[in-house]
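J.: Structure for the following, please:
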Amino acid sequence: MTSTTSELPEVPSSVDGASLDAVDAQALGDLLRTMLRIRLFEQRVADLASAGEIRGPVHLYVGQEAVAAGVCLTLTRDDFVLSTHRSHGHFIAKGGDLNGLMAELFGKETGCSKGRGGSMHLVDSSVGYVASVPIVAGTIPVAVGAALSAKLRGSDQVAVAFFGDGATDEGVFYESINLAGLYDLPILFVCENNLFSTHLPIHKRLANANIAENVRGFALPAQRVDGNNVGDVVREARQLVESIRSGAGPAFLECMTYRWLAHVGPTDDFDVGFRTREQVEHWRARDPIDAARGSLERRGALSRPAYDAIVEEELRGVEDAVQFAQESPFPSNEALLEGLYD
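T.: I've put the predicted structure just below:
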């Protein structure tokens, strides 16, 4: 059975709403650059995966860039981020090293996880990117542990757990938000609701598909925003992060968004039959990058030549990362047991 746009939950506000024009031009320019970096990186990864140069599975973030960019703008370098199988956008938005990320996808020794993890096992502790893992909801309790650590140490760090709507089908999600609320832990739960758990639409899994509404039953402040409107994401995330940092306890942010590509890999997966081309085109028309660029152009803060120059600069950074990865060595046989303990 296919699903149409009419079957999907209502998306709050509009991607070209006034909230974008309300964002400071400098900040929106920074957000646009971050979203472009993610998009261009992911598109290059798709090409490399199609060509067989990247051999491991890749879950691409194309279409969802506003969530990672918007939330991470509100964080400090020392704040913790924990991610999912769809991890590249969070890694880049938190300031992770692009060379190390690309090398990891190639399985090279210079990768951020020394070539041992691939796309779904990323680490860059230098920028507070703790880890990503492929287990659905697996990093949510780890993020709660990071928040507990911050509270016990008396630091002002905030932990952020990124996860998809499919993670809210897991019991550990509810255990985690309950524990965080019980102990007033400094954590922001960010649900990237892209409307599908792999290929199963949300309305076939949840009696109430408004996840934020469900979370309020645990006495957590919970907001639902248009995850394709980076202005909305920043506004709500900043308010919640500031509240958490002040000691008010955990909060939940549900960002309504959509992945353009397959659940895994560089294809569009129309052959699976769970979504239509019409639905994908509906969401492509709500491109968060186009919306941010349009807002800046309307205000006279960005010209087309200036935008093209940003794209070229970011493309060079991506190509430099590809070259770095291609020229890096694979881990040696002698290093096979490093990091393992008896």
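J.: and Val142, how far is that from Ala251?
T.: 18 Å (C-beta to C-beta, to the nearest Å). (Glycine included, C-beta is placed from N, CA and C.)
J.: out of these two, which sits in the busier spot?
T.: Taking other C-beta atoms under 10 Å, Val142 and Ala251 do not tie; Ala251 has more neighbours (26 against 17).
J.: how about the spatially closest residue to that one that is not a sequence neighbour, secondary structure?
T.: Excluding the flanking residues, the one nearest Ala251 by C-beta to C-beta, 6 or more residues apart in numbering is Leu240, at 4.2 Å. Taken by DSSP: H, G, I helix; E, B strand; the rest coil, the conformation at Leu240 corresponds to helix.
J.: if I look at Leu240, how far off is Cys255?
T.: 12 Å.
J.: more neighbours, the two?
T.: Neighbours per residue (other C-beta under 10 Å) separate Leu240 from Cys255, with Cys255 holding more: 29 against 24.
J.: what sits against that one?
T.: 66-67, 190-193, 225-227, 233 (C-beta atoms under 8 Å, 6 or more residues apart in numbering).
J.: Could you check how far it is from Glu312?
T.: In terms of C-beta to C-beta, Cys255 sits 29 Å off from Glu312.
J.: what do you get for Ala69?
T.: Distance of Ala69 to Glu312, given as C-beta to C-beta: 20 Å.
J.: Leu337 now?
T.: 44 Å.
J.: The lowest-mean-pLDDT helix or strand in the chain: how far from the chain's middle?
T.: Here the helix or strand of the chain ranked lowest by mean pLDDT, DSSP states H and E is strand 200-201, holding a mean of 72. Centroid separation for strand 200-201 versus its chain: 20 Å, with C-alpha atoms, centre = their mean, to the nearest Å.
J.: In its sheet, which strands sit next to that strand, and in what direction?
T.: strand 196-197 (antiparallel) (DSSP bridges).
J.: And for the strand it pairs with, what's in contact with it?
T.: The set of residues external to strand 196-197 that reach it, using C-beta under 8 Å, 6+ apart, is 136, 164-166, 169, 202, 205, 259, 263, 274-275.
J.: Buried ones among those residues?
T.: 136, 164-166, 202, 259, 263, 274-275 (16 or more other C-beta atoms under 10 Å).
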